[in-house]
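Asks: What would the 3D arrangement of this be:
(2 chains)
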Number of protein chains: 2
Amino acid sequence: MSTEKLPTRAENYSEWYNQLIQRTELADYAPVRGCMVVRPYGWALWENIQQGLDRRFKATGHVNAAFPLFIPMSFLEKEKEHVKGFSPELAVVTIGGGEKLEEPLVVRPTSETIIGYMYSKWIKSYRDLPVLINQWGNVVRWEMRTRLFLRTLEFYWQEGHTAHVSAKEAEEETQRMLNVYADFAMNDAALPVIPGRKSESEKFAGAIASYSIEAMMGDTKALQAGTSHFLGQNFAKAFDIQYLDESNNQQFCWTTSWGMSTRMIGAIIMTHGDDQGLILPPKLAPIQAVIVPIFKNDDEKSKVMPVVERLFQELKSFRVKVDDREDLTPGFKFNDWEMRGVPLRIEVGPKDVEKDTVALARRDMPGKQGKSFVPQTQIDSQVAETLITIQAALFDHARTFRDAHIFDPKDYAEFQEVLQNGWAYSWWCGKKECEAKVKEETKATTRCIPMDQPGGTGHCIVCGEEAKEKAYFARAY
Amino acid sequence: MSTEKLPTRAENYSEWYNQLIQRTELADYAPVRGCMVVRPYGWALWENIQQGLDRRFKATGHVNAAFPLFIPMSFLEKEKEHVKGFSPELAVVTIGGGEKLEEPLVVRPTSETIIGYMYSKWIKSYRDLPVLINQWGNVVRWEMRTRLFLRTLEFYWQEGHTAHVSAKEAEEETQRMLNVYADFAMNDAALPVIPGRKSESEKFAGAIASYSIEAMMGDTKALQAGTSHFLGQNFAKAFDIQYLDESNNQQFCWTTSWGMSTRMIGAIIMTHGDDQGLILPPKLAPIQAVIVPIFKNDDEKSKVMPVVERLFQELKSFRVKVDDREDLTPGFKFNDWEMRGVPLRIEVGPKDVEKDTVALARRDMPGKQGKSFVPQTQIDSQVAETLITIQAALFDHARTFRDAHIFDPKDYAEFQEVLQNGWAYSWWCGKKECEAKVKEETKATTRCIPMDQPGGTGHCIVCGEEAKEKAYFARAY
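Replies: Numbers count the residues shown, from 1 in each chain, chains lettered A, B, ... in the order given. As a prediction, the model looks like this:
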């Protein structure tokens, strides 16, 4: 760890974010423009995210598979909106085995097309439906402005692709997976996300309707943290995904797709982190508790270390690390693990050994307020309880912050003002022109039209015309 | 499942393999030449392989990370042997975001170069060593002749890359990981593999020494099922991976790399499969036991199904499936699950309900010999024991087959003969000319020089000159 001080969030939010990621060894820049290396600490966090999601996917009947990285260019062209949306962002393989390829291959930016092609081969009858497949993998989008975890040329994600007999079933699936994402975000990542429908201009290229969960970052910007799309029969018709129904008639399937990516790591950093560094939610933290032995000489060491070793064994059901580095002071270690966001620090010094206690220090509550002394005999239950408490406190803290930065401005002037440091929750007529005006004048976009609506009607915050729904507006990553 | 009969292995081994994979829905051909789709049943098998390996990697101190898919062409050129070996097989991205790239990007065929570049940034001091990182991911090699799982343009694997302070440490790591692979292959995949050193002409492009585990397939061909390479300082010098030693001198690191891929699935299919289909080792099988209810009418159904449901609940600690498909006969289901290689079938009919028993049928022992009737109260322990028995029996069966097809021919004429239906274990002088002659005349190559050697010297089976080591020769996939 560098000993140089991290910039505070107030000083420079973006530098705080970039430096924090590199100094805590979550990720690093790759030698290829816009690509990242996810380092072991970051990948361990992603593995925990994967497990939390994968468990939920399997519980809702999904299975995993793997489809090719390369997609023939002609496939993308089969769905007109889709190719229009993705063609500016493609990486294209034109040479293979030393020879120019007859048809260039696109490195997948998303897999609706190639999966649609395979589904048309596999699906014959209503008995084959629904098909509920998820894929964990990497995709490439040639972005111009990149930022670690938030927007990189290559990123890691899961993409679910399902096929159904009816629009109703597919729509239910779209909602089910939106709810899975919201459940994961709230319960595992401690992010108080808002689920809702994307506007026409913000929806996925080729979808009938897109839904997202939107999270508020520490600088009040919004981050889209997961999306679920109802694709109607658009891809089924483009790729001829048909089935024979019970009356022996050919029917087109109804399909969905949904994805969550390594962006989620960016969301966790920017929602919970503080000026001391990361604060990781206990359910996902690669290290849930770190034990720091404290001693001044060999005599103290010989008393402290056996206790440390015993506690480490007793805490095997948690992800625990002992920091026994010889050449560093306890103070340095405290700062180091604070920066790395380990939720709980367990200090064991000679006095603790005497009194049969340990000190527990909560990462989310610096100083004395978050410190407690507990009997060694209760270590297992105390750690379990404290981790649950921290998980809940992170969520509450983030929700309080979010709610304090969502406004219901009375007119367009106030709307413009609140968007400088928060979100606006306002009536919107639904017209693209109003969205465009807002974007130009405030840099904010519609984030989502939430599922929970107040009912009734109001006046569009932009044009004043009648509006049937309220939407969230915010500047976004 | 198609009702058409699978070709037998004797009729057409290669067709048996291809059809079996597609009919059991392990994998399918992708619309891009030489690429495959790993379907849910195949991917579930791969996930179990991943877990078995990942657990062993973590137990030996390794952590996971993710490095970029794209590698600048210039990186490959830094290690001369490496680029010579891989340049004929590269897929190259020349267009990104609609524009021609200044420097073409290679889709990684393996990641020594880009990981070496990052290690040179991260490693400063002896305190940073060893670095023990593994990556799970996809790689691309532009192969001309492809076959599902065995050789595809894109495949899935793990690649470990480690850096050390000394040659000794790196050599120990190389052996450690070879042993991890052998342990996994033997204990989890039930493959009686032979670990050994690759010849100079067969080693990895850029390595000082390569080691592999070699498995014998059902047609007696060899398959290299995992490799571990001692890279010396070749990549450390090419990428300037240096550290400051305890005496404050700059030193180059010593590195290793090691990989196992989705080829392992091909090895499992061809080692254990029979003319009825797959036989999956219980430790890796996506479904360890299938319960097939048997009834002729609603009355019988109402007696059988509650027992099936209860047994299913009692077997929750295994990967169990109930086949309650309404429109298929028990006989059809038996064949279906036999083809899919489920190790154990549990039959529950009206008579079983009366007698409080179930029938257990072992996939590896067709007919009456492999069938037993056990009390329902003992289902959990009986399933556990039978799965262990099957796992051991598969290994024994494969080892017996292997040993019956390894020969120690007395002269070159016999050597040529045995290679038509087996392996030769023969003295070899180590010269490339002898390897080349064997390859031309028999299509066999040196597979490995095993770690276990008889000692002493002999005469090279090809040229008759003095030889210090024995090697395995075989035709190979």
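
Asks: And the residue of the stretch 101-250 of chain A that's closest to chain B?
Replies: Per C-beta to the nearest C-beta, A:Trp142 is where the stretch 101-250 of chain A lies closest to chain B, at 3.6 Å. For every residue, glycine as well, the C-beta is placed using N, CA and C.

Asks: Show the model's pLDDT score for the residue nearest to A:Lys431 when sequence neighbours are not counted.
Replies: The shortest distance from A:Lys431 to any non-neighbouring residue, by C-beta to C-beta, 6 or more residues apart in numbering or on different chains, is to A:Cys463 (7.1 Å). pLDDT recorded at A:Cys463 is 97.

Asks: Quick one: neighbours of A:Cys463, just the number.
Replies: 15 (other C-beta atoms under 10 Å in any protein chain shown).

Asks: Then A:Ser372?
Replies: There are 14 residues near A:Ser372, going by other C-beta under 10 Å.

Asks: that's a strand at it, yeah?
Replies: Yes: under DSSP: H, G, I helix; E, B strand; the rest coil, A:Ser372 falls within a strand.

Asks: Just list the residues touching it, thanks.
Replies: For A:Ser372, the contact set (C-beta atoms under 8 Å, 6 or more residues apart in numbering or on different chains) comprises A:359-360.

Asks: pLDDT wise, what is it at?
Replies: A:Ser372 is given a pLDDT of 95.

Asks: Tell me how far it lies from A:Lys351.
Replies: Per C-beta to C-beta, to the nearest Å, A:Ser372 is found 15 Å from A:Lys351.

Asks: returning to what we had before: the residue nearest to A:Lys431 touches A:Cys429, doesn't it?
Replies: Yes: the pair A:Cys463 / A:Cys429 is scored as a contact, 6.0 Å apart, by C-beta atoms under 8 Å.

Asks: my guess is A:Pro350 meets A:Asp298, correct?
Replies: No: between A:Pro350 and A:Asp298 there is no contact under C-beta under 8 Å: 12.0 Å.

Asks: Mind checking which of these two has more residues around it?
Replies: Legend: neighbour count by other C-beta under 10 Å for A:Pro350 and A:Asp298, higher for A:Pro350 (17 against 8).

Asks: Skip the chain neighbours and tell me the closest residue to the more buried one.
Replies: A:Pro350's closest residue in space is A:Glu300 (C-beta to C-beta, 6+ apart), at 4.7 Å.

Asks: Can you tell me the element that neighbour falls in?
Replies: Using DSSP states H and E, A:Glu300 sits in helix A:298-314.

Asks: before we move on, what about A:Asp364?
Replies: Secondary structure assignment for A:Asp364, by DSSP H and E: no helix or strand.

Asks: check contacts around it.
Replies: By C-beta under 8 Å, 6+ apart, A:Asp364 lies in contact with A:272, A:279, A:343, A:370, A:390, A:393-394, A:397.

Asks: of those residues, buried ones?
Replies: A:272, A:279, A:343, A:370, A:390, A:393-394, A:397 (16 or more other C-beta atoms under 10 Å in any protein chain shown).

Asks: quick one: A:Tyr41 from chain B, how far?
Replies: To chain B, A:Tyr41 is 8 Å away according to C-beta to the nearest C-beta, to the nearest Å.

Asks: Would you point out which residue is most central in chain A?
Replies: A:Met264 (1.8 Å; C-alpha atoms, centre = their mean).

Asks: ok, and that one, which helix or strand is that part of?
Replies: Short version, using DSSP H and E: A:Met264 is in helix A:263-272.

Asks: how long is stretch A:452-462 end to end?
Replies: Stretch A:452-462 has an end-to-end distance of 21 Å (C-alpha to C-alpha, to the nearest Å).

Asks: just how off-centre is it within its chain?
Replies: In terms of C-alpha atoms, centre = their mean, to the nearest Å, the centre of stretch A:452-462 is found 29 Å from the chain centre.

Asks: And for it, what's in contact with it?
Replies: The contact list for stretch A:452-462 (C-beta under 8 Å, 6+ apart) reads A:409, A:411-412, A:415, A:424, A:426-429, A:431, A:434, A:437-438, A:465-470, A:473.

Asks: The closest residue to chain B within the stretch 201-350 of chain A - how many residues pack around it?
Replies: Closest residue of the stretch 201-350 of chain A to chain B, C-beta to the nearest C-beta: A:Asp327 (8.2 Å). Neighbourhood size, A:Asp327 [other C-beta under 10 Å]: 6.

Asks: Double-check that it belongs to a strand.
Replies: No: under three-state DSSP, A:Asp327 sits outside any strand and is assigned coil.

Asks: Secondary structure added to the buried ones among the contacts of A:Asp364, as JSON lines?
Replies: As requested, the buried ones among the contacts of A:Asp364 are exported to JSON lines (three-state DSSP):
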{"residue": "A:His272", "secondary structure": "helix"}
{"residue": "A:Ile279", "secondary structure": "coil"}
{"residue": "A:Pro343", "secondary structure": "coil"}
{"residue": "A:Gly370", "secondary structure": "helix"}
{"residue": "A:Ile390", "secondary structure": "helix"}
{"residue": "A:Ala393", "secondary structure": "helix"}
{"residue": "A:Leu394", "secondary structure": "helix"}
{"residue": "A:His397", "secondary structure": "helix"}
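
Asks: can you put those in TSV and add distance to A:Tyr117?
Replies: TSV is the format used below for the buried ones among the contacts of A:Asp364 (distance: C-beta to C-beta, whole Å):
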residue	distance to A:Tyr117
A:His272	41
A:Ile279	44
A:Pro343	45
A:Gly370	55
A:Ile390	47
A:Ala393	48
A:Leu394	43
A:His397	47
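
Asks: overlap between those residues and the residues near chain B?
Replies: Checked against chain B using C-beta under 8 Å from any C-beta of the partner chain, the buried ones among the contacts of A:Asp364 yield no neighbours at all.

Asks: from these, which two are the most distant?
Replies: A:His272 and A:Gly370 (14.5 Å; C-beta to C-beta).

Asks: sorry, back to before: might one say that the residue of the stretch 101-250 of chain A closest to chain B is in contact with A:Leu153?
Replies: Yes: using C-beta under 8 Å, A:Trp142 is in contact with A:Leu153, at 6.1 Å.
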